[in-house]
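Trainee: Return atomic coordinates for the entry below.
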Amino acid sequence: MMIATVMGIGAAALGSLVLLGAIALEWRYRRRPAHPLEVIRATWNLEIYEPTHYRFVGLLGLSNPHRGLEVMVPQLWAEVVLLSEGSVEDIETNVQVIPRHPEPECPPRADGYWFAYIVKSTKQTNVEICVDLQGIGVSEVKAAWVKIHYVAYGAHGRFPKTHHEFIPLKFPAKGETGVWRPAEGAQVLPIRTHLLTPLDILPEVLNRYVMPHAQPGDIVAIGETPIAIIQGRLKDPAQLRPGWVATRVCQFFLPTSSLATACGMQALVEEVGELRVLLAFIGGAIAKIFGHKGGFYQLAGEQARLIDDVTGTLPPYDQFIVMGPANPQAIVDDLAAQTSLGVAIVDVNDLGAVKVLAASKGVSHQLLIKALRKNPAGNADEQTPIVLIRPF
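Mentor: Numbering: from 1, shown residues only. Presented below is the predicted three-dimensional model:
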């Protein structure tokens, strides 16, 4: 009897050890990244810029910051989508992908074949992307959307990924802008720019397009979506994997909400965490029972209100989920110091709603709301992401 009891205790202890081992193994698995490969955004150079011929070259980085894991890149290729004011049928497009590995024994192949490459732990390699456009209609191309497709292969399996680059190719003529319009308590001037991308630097954008028209006392109002785009706060729905929280919670939002899709909700989950989204949903539901609306957005945080789902902005960003900008107050304070103008980041729609995300010192929120109520920047593809406000 005693032997049986001892054997039973031993079996229970062994079972507990196995269970603990399995939990530890699962915990270690979940802590490791699906793959540690990071894409370093390309730097681009316009080598040829002629009426019927554009050639631009970018150098993209592939970095593996992980200590201990290696990542193989067995495939990498690129394609280009042209955004134009006219037809692109007569434009001949050629894309080359050239590996620029640091090892001299790994030169690029003459036939353009991408040979499988290992990005070793804490190392980096580079890839050159050459895009050549020729033909009638090239001068009408506003921007090129370069999609770099690659496969990350390693301990967690095979992961097809896509990195996106946006290159502006058509720029407003110097001094070209809109017309001053009357507004409540001010005059407003919509400022036309090129298609803003993550390649842009905000102070340079203001120096190029705003400062030639500004005078002391003016206020620069910038849309929140262009700020987020410049910050690179874009999420490709194809790269998102909606989890349990996202797929369940999104069902309770109106179809017009950017959180009504599993991918839109997953974008918020990745920004603030599953637990916060779940608690915000439960807390918001309880608050609604007692007649208080909007509880979810208050509990989930500012980003919940600012997310723009697919179709929420102009091409090519209409294919992406655009998050709200990060650190808006720091941005306006920095720009105000550099320009000596008032600066604000705003969210405006055609229904007369004006939300001020951040404003520099001395800028009246009430003035901004009154001046922008008619949405002078527009909600279509006007490409006027900045409005200069001149108070009376």
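Trainee: can you list the domains in the chain?
Mentor: What automatic domain parsing lists as the domains of the chain is 38-168, 181-232+324-391, 234-322.
Trainee: Is it possible to get TSV of these that adds mean neighbour count, mean pLDDT and distance to Leu20?
Mentor: Glycine gets a C-beta too; all of them are placed from N, C-alpha and C. Compiled in TSV, the domains of the chain are given as follows (neighbours: other Cβ atoms under 10 Å; pLDDT from 0 to 100; distance: least, Cβ to Cβ, whole Å):
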stretch	mean neighbour count	mean pLDDT	distance to Leu20
domain 38-168	16	96	23
domain 181-232+324-391	18	94	40
domain 234-322	17	95	24
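Trainee: Export the ones you listed as JSON lines, with columns for distance to Ser16.
Mentor: Output for the domains of the chain, formatted as JSON lines (distance: least, Cβ to Cβ, whole Å):
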{"stretch": "domain 38-168", "distance to Ser16": "28"}
{"stretch": "domain 181-232+324-391", "distance to Ser16": "46"}
{"stretch": "domain 234-322", "distance to Ser16": "28"}
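Trainee: Which of the ones you listed sits closest to Val18?
Mentor: Closest of the domains of the chain to Val18 is domain 38-168, at 23.0 Å (criterion: Cβ to Cβ).
Trainee: Quick one: end-to-end length of that closest one, please.
Mentor: One end of domain 38-168 sits 24 Å from the other (Cα to Cα, to the nearest Å).
Trainee: And stretch 305-314, by the same measure?
Mentor: Taking Cα to Cα, stretch 305-314 runs 19 Å from one end to the other.
Trainee: Go ahead and measure how far it is from the middle of the chain.
Mentor: 11 Å (Cα atoms, centre = their mean, to the nearest Å).
Trainee: For this protein, just list every one of the helices.
Mentor: Counting by DSSP state H, the chain has helices at residues 2-31, 202-209, 224-230, 244-249, 262-272, 274-289, 295-300, 302-306, 328-339, 365-372.
Trainee: Any chance of these in JSON lines with distance to Asn64 as columns?
Mentor: Converted to JSON lines, these look like this (distance: least, Cβ to Cβ, whole Å):
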{"stretch": "helix 2-31", "distance to Asn64": "17"}
{"stretch": "helix 202-209", "distance to Asn64": "30"}
{"stretch": "helix 224-230", "distance to Asn64": "27"}
{"stretch": "helix 244-249", "distance to Asn64": "28"}
{"stretch": "helix 262-272", "distance to Asn64": "21"}
{"stretch": "helix 274-289", "distance to Asn64": "27"}
{"stretch": "helix 295-300", "distance to Asn64": "34"}
{"stretch": "helix 302-306", "distance to Asn64": "29"}
{"stretch": "helix 328-339", "distance to Asn64": "31"}
{"stretch": "helix 365-372", "distance to Asn64": "45"}
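Trainee: How about the contacts made by the residue positioned nearest the centre of the chain?
Mentor: Per Cα atoms, centre = their mean, the C-alpha nearest to the average position across the chain is that of Leu234, at 1.7 Å. Leu234 makes contact with 164, 198, 228, 317, 320-323, according to Cβ atoms under 8 Å, 6 or more residues apart in numbering.
Trainee: returning to that earlier point: so which of the helices of the chain is nearest Ala78?
Mentor: Nearest of the helices of the chain to Ala78, taken as Cβ to Cβ: helix 224-230 at 21.0 Å.
Trainee: elements contacting that closest one?
Mentor: Helix 224-230 is packed against helix 202-209, strand 321-322, helix 328-339, strand 342-348, with contacts defined by 3 or more Cβ pairs under 8 Å, 6 or more residues apart in numbering; DSSP states H and E.
Trainee: could I get these as TSV with distance to Gly135?
Mentor: Output for the helices and strands packed on helix 224-230, formatted as TSV (distance: least, Cβ to Cβ, whole Å):
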stretch	distance to Gly135
helix 202-209	29
strand 321-322	32
helix 328-339	40
strand 342-348	39
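Trainee: Tell me which of those sits nearest to Gln251.
Mentor: Nearest to Gln251, of all these, is strand 321-322, at 17.8 Å by Cβ to Cβ.
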